[in-house]
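> Need a 3D model of the sequence below.
(chains A, B, C and D, ligands or ions: 6)
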Amino acid sequence: MTELDVGWAERWIRQAASDLKAGRDELTELDRRIGDGDHGNNMDRGFTAVVAKLDGQAEPLETVGQVLKLVATTLMSTVGGASGPLYGTAFLRASKVVDQATADAGHLVSLVEAATEGIVARGRAHVGEKTMVDAWQPAVEAAESAAESGDALAVLRAAAEAAEAGAVATVPLVATKGRASYLGERSAGTEDPGARSTAMLLAAAVTAAEGAAA
Amino acid sequence: MTELDVGWAERWIRQAASDLKAGRDELTELDRRIGDGDHGNNMDRGFTAVVAKLDGQAEPLETVGQVLKLVATTLMSTVGGASGPLYGTAFLRASKVVDQATADAGHLVSLVEAATEGIVARGRAHVGEKTMVDAWQPAVEAAESAAESGDALAVLRAAAEAAEAGAVATVPLVATKGRASYLGERSAGTEDPGARSTAMLLAAAVTAAEGAAA
Amino acid sequence: MKKLLDDPAQAVTDSLRGFGLAHADQISVHTEPNFVTRAGGTPAGQVAVISGGGSGHEPLHAGFVGAGMLDAAVPGEVFTSPTPDQVLAAVQAADAGAGVLLIVKNYTGDVLNFETAAELAEAEGIEVASVLVNDDVAVEDSLYTAGRRGVAGTLVVEKVAGAAAARGASLAEVAALAERVVAGVRSMGVALTACTVPHVGRPSFDLADDEVEIGIGIHGEPGRQRVQAAGASDITRRLVDSVLDDIDLAAGARVLLFVNGMGGTPASELYVVYGVARQMLADQGVEVVRSLVGSYVTSLEMQGVSVTVAVLDDELLELWDAPVRTPALTW
Amino acid sequence: MKKLLDDPAQAVTDSLRGFGLAHADQISVHTEPNFVTRAGGTPAGQVAVISGGGSGHEPLHAGFVGAGMLDAAVPGEVFTSPTPDQVLAAVQAADAGAGVLLIVKNYTGDVLNFETAAELAEAEGIEVASVLVNDDVAVEDSLYTAGRRGVAGTLVVEKVAGAAAARGASLAEVAALAERVVAGVRSMGVALTACTVPHVGRPSFDLADDEVEIGIGIHGEPGRQRVQAAGASDITRRLVDSVLDDIDLAAGARVLLFVNGMGGTPASELYVVYGVARQMLADQGVEVVRSLVGSYVTSLEMQGVSVTVAVLDDELLELWDAPVRTPALTW
Ligand SMILES: Nc1ncnc2c1ncn2[C@@H]1O[C@H](COP(=O)(O)OP(=O)(O)O)[C@@H](O)[C@H]1O
Ligand SMILES: Nc1ncnc2c1ncn2[C@@H]1O[C@H](COP(=O)(O)OP(=O)(O)O)[C@@H](O)[C@H]1O
Ligand SMILES: [Mg+2]
Ligand SMILES: [Mg+2]
Ligand SMILES: [Mg+2]
Ligand SMILES: [Mg+2]
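Numbering: from 1, shown residues only, chains lettered A, B, ... in the order given. Ligands and ions are numbered 1, 2, ... in the order given. Prediction:
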């Protein structure tokens, strides 16, 4: 598959909303153990609002960027917490790189890169600090490697797999950013909730693209 | 045994203090179920203070009445709650009827009568309202019947046995006085804590007298 | 049982000591026997307003000692009425020559101990009047009970009486105003959890995870009825309905609505209850002219709430609004 | 989970609605987005002082909106920072032409959301300054954490900044005074029980019956250390020692001692803790010139306490003493 269209973008976000609702308790439990227990609810509240916004659009959205921008502004105004501005900035930056109706493999690489840069710019965390960056950064690298194939789905798959592995790899880490850092050594042994929600988000992008390919 | 002396009176009170300490949790549990859970502690605090006062007497007390008066004033100033003024008044009235070094069967009947009158005068409860009166009133009647024998110990035994039976008989009653009355029908099924402490108190009088007889 | 206490037997005294240090500008704590007076004492020639009862209901009563409210408070052991000699000592310390009003919550223990103290004080030539507060509609005032209990409405009686005394009213006038509050104040409470008396060490009653106890007092007594836990609206409706059943409020009546936390309830939940209660009163045409929301008359760490409605005529409203400066209530 | 709430998703809004009705004379509640302003607004030409953060800490922050303290407060969802558009709306409503001070507790979420809001406000030509409160000594301020958290000391910053603004100070002056409070305020807390976030439905951590959690924040986060439950003296000593280890108090230093309940703690226990802490400070030659005891910065229904020590120089003392009239703090 060389290109994904704006329909994919909408399906992605709806899929993400439904996956995050299903994963709400898992995210809550992770955040309960090393944070304050609201991450599942924050993500669910945000993406539920996004879906409501999508449903309420009078005119169909025309570009992938428009979809992502709607996600950005809605998350920014409904999530709060640390993850609200981080995901909000990620989607805002990503929205700027695909200002057209379809996205090819190169666009998707740029999308993941821009999102990750946004998160790092806002949150000032680096790989290894046990945050969502530990899922996004490997996704960037995997997406870049997969780009040569020119296959849009392959780029997404590579990103999602790397994010998944990156999230799992946060388990043994000691957090030095975010709320989990207050726990010091006691933060080791639990997966970072934001890294887990990142892995869910990118997996939803794949699911939505596979639907298009089938 | 025709007479009991001031030594008996002191032993009675010390015995009562030790029995009430041992019975503290039982009284607490009864009061927890149909009151506010402090009766065990109230009685223990009061009689512990009485023993401290007895220990601290420079001169030995000379009359039974003096011992009972010390009990009365100490309970009045350390117990509080409903039981404080009730037992305080009971011992105050009782102290007035045995103004001498020994008490015979007749004195002991008067003692129980006066105590009971004091409780009724203060608390305005009648038999059947599920209060300590349900232990005291039968004790009066039993003591009066036993008085003919002229045996002081027999009077105490009769009173104590009647108080014990009276306390047990409060179990099925619905309270109409005191804190348990707030529970209405739910007060049935639990023994009245004040009736139980009354039974303990009179049983201690017997134990102390038996010690003298042995 | 986990509590921020050292020796449970010393809990009341330890707490009073800290209270005295923290509020030395407003109150003085006396020990042996325990009582609390206004710093500087009752102003000369003013009626002294005194209340007291078992501890465990903080800030009631000692938190309301200060200008415009109580002149003295007498804390007993936890949930145990104070003794007559404690009350007498407070009366002697607070009397400023114009007599003393004793505000007594209607419990057998409080009644008996304050009654005895009043007799002793009168024997010393101090003029004493007493008012019994019995606002708890959970208890029927009948031959079959010790009468309705005094609960959160006590705060309203103390505020009004204190303001009247500060205005220079006579003992008879202060007592009459206090009685007027009593006549028009009703409360009803609910517990979500029981409380644990320090020296008992276990909860005062056992409540399943899905049950609440309706019609509780403020001593961890079991309540009138145990029901499945429902939402704030359902629970509040039960409380307000009981209050409105008991007191005849004409449409257009003007009231104080007082939502009181039992000690362990977050403020945010009290405001949810307040919102529901307020709507219910509005639906009856009752006008809420004043509001009070907070944990003022508590049962240790119990989670729960009571709703109090107090009728305020013009004079009572003015006395409610009069300035007050105490550790727990200031305006 | 038993709570006096209806729909957990609406808990914050339901509570705010009740709060608005109960205190209509002092504050106005705005919804969509949620924020609270002073009734009548910020006096013209006065610096607006605004704070906010996740809900669940009531009365912080909305309870401190009123004359002499905050001009607006921005409540997020429970334990979740408010969103930038909420903060922006509050800034727009409260700005009276002299600029806005944002008082932000140091959490990643609060910092990011307030930062974004500040950028948006500045883009609209509103002058904004921010001060970060980070008084919690349980967290090391190092490369390995997000920095010390802001906890109960926030109240002191809000009081002083509000008083300075009321006195007519400029934005730079108000911000500098707030920073001076931050430099000299330290806190440490303990939990006896965890709290339950409404939409989570189970306790935020699991604590055995004989354990307490030392060094907690105010979001039901687990703490620094879990120890066997000991008496009030032992626990208070751990808290005060941690505070004194962190801040260099010269003998003769003059401080505010603030003992704060976490929401489910009886007032009586707070005074026991106060008494112990006061003695410890006296032993170090530190002079307690002002005291505050109560549940002001809470974690829902958590049982526990925090101890805050704030250095008060003459100017800060005067600002602390300045009149304040808000729903939760008045003198
Ligand atoms: N500085 C940061 N940079 C990147 N991600 C962060 C940072 N701080 C926190 N996070 C992410 O945010 C997640 C927590 O989000 P959430 O629970 O919604 O907010 P909060 O921590 O405010 O309660 C963490 O698991 C982590 O992945
Ligand atoms: N009016 C009354 N007359 C006689 N006894 C009473 C009366 N009211 C209460 N009591 C007794 O007092 C007992 C309770 O005493 P206690 O628990 O010490 O005081 P309180 O009820 O104030 O907590 C009851 O069990 C009952 O026997
Ligand atoms: Mg979180
Ligand atoms: Mg009792
Ligand atoms: Mg009692
Ligand atoms: Mg949060």
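
> what about the strands in chain A?
With strands called from DSSP state E, chain A shows them at A:3-5, A:102-104.

> can you tell me which of those strands comes nearest to D:Gly147?
strand A:102-104 (38.8 Å; C-beta to C-beta). Placement of C-beta: from N, CA and C, glycine included.

> Which strands and helices lie in contact with that closest one?
In terms of contacts (3 or more C-beta pairs under 8 Å, 6 or more residues apart in numbering or on different chains; DSSP states H and E), strand A:102-104 is packed against strand A:3-5, helix A:6-22.

> Other residues contacting the last one?
Just to be clear, that refers to helix A:6-22. Contacts with helix A:6-22, where a contact means C-beta atoms under 8 Å, 6 or more residues apart in numbering or on different chains, come from A:27, A:40, A:43-44, A:47-48, A:50-51, A:54, A:60-64, A:66-68, A:71, A:101-103, A:197, A:200-201, A:203-205, A:207-209, A:211-212.

> Please indicate which of the residues you listed are buried?
Using 16 or more other C-beta atoms under 10 Å in any protein chain shown as the burial test, the contacts of helix A:6-22 include A:27, A:40, A:43-44, A:47-48, A:50-51, A:54, A:61, A:63-64, A:66-68, A:71, A:101-103, A:197, A:200-201, A:203-205, A:207-209, A:212 as buried.

> Quick one: residues contacting C:Ala267.
If you count contacts by C-beta under 8 Å, 6+ apart, then C:Ala267 has C:261, C:293-295, D:58-59, D:63, D:263, D:295, D:298, D:328 around it.

> Just the ones of these in helices?
Using DSSP state H, no member of these sits in helices.

> returning to that earlier point: could you dump the strands of chain A to CSV with mean pLDDT and distance to B:Asp5?
Output for the strands of chain A, formatted as CSV (pLDDT from 0 to 100; distance: least, C-beta to C-beta, whole Å):
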stretch, mean pLDDT, distance to B:Asp5
strand A:3-5, 94, 106
strand A:102-104, 96, 107
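
> just the helices and strands packed on strand A:102-104: most buried one?
Scoring the helices and strands packed on strand A:102-104 by mean neighbour count under mean count of other C-beta atoms under 10 Å in any protein chain shown gives helix A:6-22 as the most buried, with a mean of 20.

> What's the mean pLDDT across it?
Averaged across helix A:6-22, the pLDDT comes to 98.

> Run the chain-centre distance for it.
Helix A:6-22 has its C-alpha centroid displaced from the chain centroid by 11 Å (C-alpha atoms, centre = their mean, to the nearest Å).

> So is that helix next to ligand 1?
No. Judged by C-beta under 6 Å from any ligand atom, helix A:6-22 and ligand 1 are separated, with a smallest distance of 11.5 Å.

> For that helix, output the C-alpha coordinates as PDB.
Only the C-alpha atoms of helix A:6-22 are listed here, as PDB (Å, rounded to 0.1, in the frame of the first residue of the first chain):
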ATOM      1  CA  VAL A   6      -8.300  10.900   5.100                       C
ATOM      2  CA  GLY A   7     -10.700   8.100   5.800                       C
ATOM      3  CA  TRP A   8      -7.900   6.100   7.300                       C
ATOM      4  CA  ALA A   9      -7.000   9.000   9.500                       C
ATOM      5  CA  GLU A  10     -10.600   9.200  10.900                       C
ATOM      6  CA  ARG A  11     -10.700   5.400  11.300                       C
ATOM      7  CA  TRP A  12      -7.400   5.500  13.100                       C
ATOM      8  CA  ILE A  13      -8.700   8.000  15.600                       C
ATOM      9  CA  ARG A  14     -12.000   6.200  16.100                       C
ATOM     10  CA  GLN A  15     -10.100   2.900  16.600                       C
ATOM     11  CA  ALA A  16      -7.800   4.600  19.100                       C
ATOM     12  CA  ALA A  17     -10.800   5.900  21.000                       C
ATOM     13  CA  SER A  18     -12.300   2.400  21.200                       C
ATOM     14  CA  ASP A  19      -8.900   0.800  22.100                       C
ATOM     15  CA  LEU A  20      -8.200   3.400  24.800                       C
ATOM     16  CA  LYS A  21     -11.700   2.800  26.300                       C
ATOM     17  CA  ALA A  22     -11.000  -0.900  26.300                       C
END
